[in-house]
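In: After the sequence you'll find the predicted model.
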Amino acid sequence: MQIVPIPGVGFDSNVYLLIDERKALIDTGTGFYADYIIKKIKEACPLEEISFIILTHEHFDHTGGIDALKKFCDAEVMIHEEGAETLEEGLDWSSCFFGVKQKKVKVDRKLKEGDIISLGKSELVVLHTPGHSRGSICLYEEKSKSLFSGDLIFCGGGIGRTDFYGGDLEELIQSIERIKKLDVNALYPGHGEWAVENGSFHIKLAERYARQLI
């Protein structure tokens, strides 16, 4: 599996293009910088070859770009079942921070704990990791020991905010404790820098910081 990181611009999330027998995008940004994201994707593969758009959670800075991307591909949209309502009903509690309305989006697959997303030779395991939001997930690829952590944790020991709707610090700590048990080499968070080695070190730093906030 080839991983092509597309760094977020402004408040946009990072977007990750995964290339295997099937291709997937993890998160989409707000859509404000869709031209930039589309350009970066085209440098790696044709847009129409993307099979899946996988969302780490329901916040607008990760989901707002769906419409722009779906104009070029018939990708299956996936999000955890606890985050699906925000997209399906167009709930505004997140998008209002960006001065826009959340558009209604068709969710093709509502993910659950332990689901497997097969890209061909590689598989992503869905881990429900609430704390930043109710529908937050991490995605783990065992062969490469890669973890896509969404806004649960960031490199350098940062953690996702818990003061938004559905956030809970104790749940976030429990989720970090869970992923700490994984063998993580590469860490790909929802914002900021990513690490191609020693990912478990960053997880431990994040747990230490989160516990100081209790």
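Out: Looks like it arrived, so ask away.
In: all contacts plus neighbour counts: C-alpha atoms, from now on.
Out: Fine.
In: Pull out the CA atoms of stretch 59-68 and give them to me as CSV.
Out: C-alpha atoms of stretch 59-68 as CSV (Å, rounded to 0.1, in the frame of the first residue of the first chain):
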residue,chain,number,x,y,z
HIS,A,59,-16.5,17.4,11.8
PHE,A,60,-16.8,19.7,8.9
ASP,A,61,-13.0,20.3,8.5
HIS,A,62,-12.8,16.5,7.6
THR,A,63,-16.1,16.1,5.7
GLY,A,64,-16.8,19.4,3.9
GLY,A,65,-15.0,18.4,0.7
ILE,A,66,-17.1,15.4,-0.1
ASP,A,67,-19.3,17.1,-2.7
ALA,A,68,-16.3,18.5,-4.6
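In: biggest helix in the chain by residues?
Out: Longest helix in the chain, counting residues (DSSP state H): helix 199-212.
In: what packs against that one?
Out: helix 169-179 (3 or more CA pairs under 8 Å, 6 or more residues apart in numbering; DSSP states H and E).
In: list the helices and strands the helix it packs on packs on?
Out: Using 3+ CA pairs under 8 Å, 6+ apart, the elements in contact with helix 169-179 are helix 199-212.
In: Give the helix, strand or coil label for the residue nearest the centre of the chain.
Out: With distances taken as CA atoms, centre = their mean, the chain has residue 56 as the residue nearest its mean C-alpha position (3.0 Å). Following DSSP: H, G, I helix; E, B strand; the rest coil, residue 56 is assigned to coil.
In: so who does it touch?
Out: 26-27, 62, 79-80, 135-139, 149-151 (CA atoms under 8 Å, 6 or more residues apart in numbering).
In: Including secondary structure, could these go into TSV?
Out: Shown next, in TSV, are these (three-state DSSP):
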residue	secondary structure
26	strand
27	coil
62	helix
79	strand
80	strand
135	coil
136	coil
137	strand
138	strand
139	strand
149	strand
150	strand
151	coil
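In: Many thanks, have a good one.
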